[in-house]
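Chemist: from the sequence below, what's the structure:
(one chain, ligands or ions: 4)
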Amino acid sequence: MPIENAEIARILREVADLLDIEEANPFRVRAYRNAARTVEEHPESIGAIARTSPAQLTDLPGIGEDLAGKIGEIARTGRLPLLKQLEREVPKGILELMRVPGLGPKRARQLHEARIRNLRDLERAARRGRLRQIPGFGARTETRILQELGAVQAAARRVLRAIAAQYAEPYLEHLSTLKGVLRAEIAGSYRRRVETVGDLDILVTCTEGTPVVEHFLGYPEVRNVLAQGPTRASARLRSGLQVDLRVLPPVSYGSGLYYFTGSKAHNIAVRRLAQARGLKINEYGVFRGARRVAGRTEREVLASVGLPWIPPELREDRGEIAAARAKDLPRLVELDDIRGDLQSHTTDSDGRDSLEDMARAAEAMGYEYLAITDHTPAVRVAGGLDRAGFRRQMKRIDRLNGMLRTMTLLKGAEVDIRADGSLDLDDDTLRELDVVVVSLHSRLALPEATQTRRVCKALAHPLVDIFGHPSGRLIGRRQPVALDWEQVFTVARDQGVMLEVNGQPERLDLDDMHARAAIGHGITLTLGTDAHAIPELRFMRWAVDQARRGWAEKGDIANTRPLSRLRKLLHGAR
Ligand code: DGT
Ligand code: CA
Ligand code: CA
Ligand code: ZN
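Modeler: Residues are numbered from 1 along each chain as shown. Ligands and ions are numbered 1, 2, ... in the order given. Here you go, the predicted structure:
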């Protein structure tokens, strides 16, 4: 059972953080960070490669002999002595403090020396106005830290969906291979495709006497057993993720799956409907008195209360029950509906694969089009292109389009919105592009009125097509910018600007509620992976998941359209 890529990446990232605190050589720190990213995104199992052909590891971008050796060690033993050693050297409190956005290793160390040793100390000190007495910490920093603390605490222990998937899918595979298992599925927030999960809830049905619990707990990733009974168990994995197991007989599988998929609010609302019909509904079935009237399938359970099957993504008690009763449920967009990707980067700015390689990879995925949207100069860390740079890239795109067989590259840019709402690229260049994405990358903390004015000015520019990662949030790390969304939606609709649902696992931006609100305003959405490397083109599935949670149908998403119809939505045709 090879170790998951996410697990190797987690260990490498911890090493990078600890080296950073120790003020190790910055190149060494960066090497570990980059390696973590490469490993996390690699489409094949790094653990398997490390065991079968370790020499191949050095072919991966940014992995030299030394890192390959470390990765091999993790793959073989599941741990890394270097990490253990660093953990002994660095106080735990510093790492905890660094979970607060804006607290880097230097400041965290400084706080630690001032006897602020954990998040609780930090909160207390900030509330009492003691932080501002530490050199370099002002009253404004104090206020900001308090705000960020709230977000960190709420997000703590929740795992990004894309990371959870790396643990969930192999675990399910492990269970499915046991003889006697009839079905194994993940329920809970994971099945509802929520952007983060608190824990995983696995359901299994099997022939009588199958040792499911033992097999579940025998999984090599299990660190400790939290609970164990004949038909249930809870385990904590080495990554810290908790996994709950329930074993149900086939007659109860549908009702169990339904119950443990939730959400709790949805369950409660449906239970009320059942009560009104004289029925009792729980994880074992639907009952009239002592008689079971449904339970084998979800469809059967929902039919017993007069409802059609409701997609799990909608089960949040946000109007889905009324929509189901009115036979007015949306037909949610699917990954197969997507014909192309509308945001990607190349080595011309901060991407890690060349224009040519990105194009071939997207063509191999069966896409009709891929928009190349490299950064503009203001995003300095990204090495953005200037007008001459874009012109050179456009020529290369023309040449490539002559060579590609089934796919078209769209000429694009992810244009930075400057502080005053003007765009970081001249109109002549914008006019020559097929797709103009605009987005915020700096001055994210502006007050709502100023930020709204800035964004609305940018969206009102006649050459803008898409507003990229509109809220600017990073899940668990950075709060969304303050915006008056009513105004933003109104301007976007009036100007024919589309809003993106960004597929980067940490962004998923717009989020579900805003995506749904945008559709309600008559706005067309775009799904973009914002891929910075070939494997990230696969992030489309996360964008689709988030759009589905936003009740999006195929027609609500621009890139379900064939190229000729997509072009009608872009500034060239407007
Ligand atoms: P999470 O794990 O925080 O991401 O969210 P969930 O939705 O996976 O929640 P979890 O793992 O606590 O429970 C899984 C499902 O089990 C939940 O979505 C609905 C169901 N459930 C749990 N507790 C209750 C309850 O007290 N009442 C009802 N009706 N359902 C419950
Ligand atoms: Ca759960
Ligand atoms: Ca649970
Ligand atoms: Zn961006």
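Chemist: roughly how far apart are the closest residue to residue 307 other than its chain neighbours and residue 317?
Modeler: Distance criterion CB to CB, 6 or more residues apart in numbering; nearest residue to residue 307, sequence neighbours excluded, is residue 324 at 4.7 Å. From N, CA and C alone the C-beta is placed, and that goes for glycine too. In this view, residue 324 and residue 317 are 12 Å apart by CB to CB, to the nearest Å.
Chemist: give me the more crowded residue out of these two.
Modeler: residue 324 (20 against 16; other CB atoms under 10 Å).
Chemist: what are the buried residues along the helix or strand in which the residue nearest to residue 307 is found?
Modeler: Assignment of secondary structure by DSSP states H and E places residue 324 within helix 320-325. Neighbour counts over helix 320-325 (16 or more other CB atoms under 10 Å) mark 320-321, 323-324 as buried.
Chemist: ok, stretch 215-233 next?
Modeler: 215-217, 221-222, 233.
Chemist: who touches the residue of the stretch 151-300 of the chain found nearest ligand 1 in this structure?
Modeler: Here the residue of the stretch 151-300 of the chain nearest ligand 1 is residue 262; by CB to the nearest ligand atom that distance is 1.9 Å. The contact partners of residue 262, by CB atoms under 8 Å, 6 or more residues apart in numbering, come to 187-189, 192, 315.
Chemist: which of these lies closest to residue 87?
Modeler: residue 189 (30.7 Å; CB to CB).
Chemist: what sits against the closest residue to that closest one other than its chain neighbours?
Modeler: In this structure, residue 189 finds its nearest non-sequential neighbour in residue 197, 4.7 Å apart by CB to CB, 6+ apart. Neighbour list for residue 197: 158-159, 161, 164, 188-190 [criterion: CB under 8 Å, 6+ apart].
Chemist: and if we set it to 10 Å?
Modeler: 158-161, 163-165, 167-168, 186, 188-191, 241-242 (CB atoms under 10 Å, 6 or more residues apart in numbering).
Chemist: pLDDT score for the residue nearest to the spatial centre of the chain?
Modeler: Among the residues of the chain, the one closest to the centroid is residue 505, at 2.1 Å (CA atoms, centre = their mean). Listed pLDDT for residue 505 reads 96.
Chemist: what sits against the closest residue to it other than its chain neighbours?
Modeler: Spatially, and ignoring its direct neighbours in sequence, residue 505 is nearest to residue 162 (3.5 Å; CB to CB, 6+ apart). Residues in contact with residue 162 (CB under 10 Å, 6+ apart) are 6, 40-41, 195-196, 503-506, 508, 538-539, 541-542, 545.
Chemist: and the host helix or strand of residue 162, how far from the chain's centre?
Modeler: Assessed by DSSP H and E, residue 162 sits inside helix 161-176. On the basis of CA atoms, centre = their mean, to the nearest Å, helix 161-176 is displaced by 16 Å from the centre of the chain it belongs to.
Chemist: report the buried residues of it.
Modeler: Buried residues in helix 161-176 (16+ other CB under 10 Å): 161-168, 170-172, 174-175.
Chemist: which members of the residues you listed are the farthest-apart pair?
Modeler: Pairwise over the buried residues of helix 161-176, using CB to CB, the maximum falls at 162 and 175, 21.0 Å.
Chemist: what's the burial count for residue 405?
Modeler: 5.
Chemist: likewise for residue 519?
Modeler: Residue 519 has 23 nearby residues by other CB under 10 Å.
Chemist: got phi/psi on the closest residue to ligand 3 within the stretch 301-450 of the chain?
Modeler: Per CB to the ion, the residue of the stretch 301-450 of the chain with the smallest distance to ligand 3 is residue 312, at 15.0 Å. With angles defined as degrees, to the nearest 10, residue 312 sits at phi -50, psi -40.
Chemist: okay, now the domains of the protein?
Modeler: The record's domain split for the chain, according to automatic domain parsing, is 5-87, 94-155, 159-247, 253-325, 335-567.
Chemist: could you export those domains as JSON lines, including distance to residue 573?
Modeler: Formatted as JSON lines, those follow (distance: least, CB to CB, whole Å):
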{"stretch": "domain 5-87", "distance to residue 573": "35"}
{"stretch": "domain 94-155", "distance to residue 573": "41"}
{"stretch": "domain 159-247", "distance to residue 573": "33"}
{"stretch": "domain 253-325", "distance to residue 573": "32"}
{"stretch": "domain 335-567", "distance to residue 573": "6"}
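Chemist: which stretch in the ones you listed has the least confidence?
Modeler: domain 94-155 (a mean of 86).
Chemist: what does this protein put close to ligand 1?
Modeler: 188-189, 194, 197-199, 201, 259-260, 262-264, 267-268 (CB under 6 Å from any ligand atom).
Chemist: picking up where we left off before, distance between the helix or strand following the helix holding residue 324 and the chain's centre?
Modeler: Where DSSP H and E defines the elements, the next helix or strand beyond helix 320-325 is strand 340-341. Put simply, strand 340-341 sits 18 Å off its chain's centre (CA atoms, centre = their mean).
Chemist: can you check stretch 18-30 too?
Modeler: 27 Å.
Chemist: that one: which residues count as buried?
Modeler: Buried, per 16+ other CB under 10 Å, within stretch 18-30: 18-21, 29.
Chemist: any chance of CSV for these, columns secondary structure?
Modeler: Shown next, in CSV, are those (DSSP: H, G, I helix; E, B strand; the rest coil):
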residue, secondary structure
18, helix
19, helix
20, helix
21, helix
29, helix
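Chemist: ok, residue 476 touching residue 507?
Modeler: No. Counting by CB atoms under 10 Å, residue 476 stays clear of residue 507, with 11.4 Å between them.
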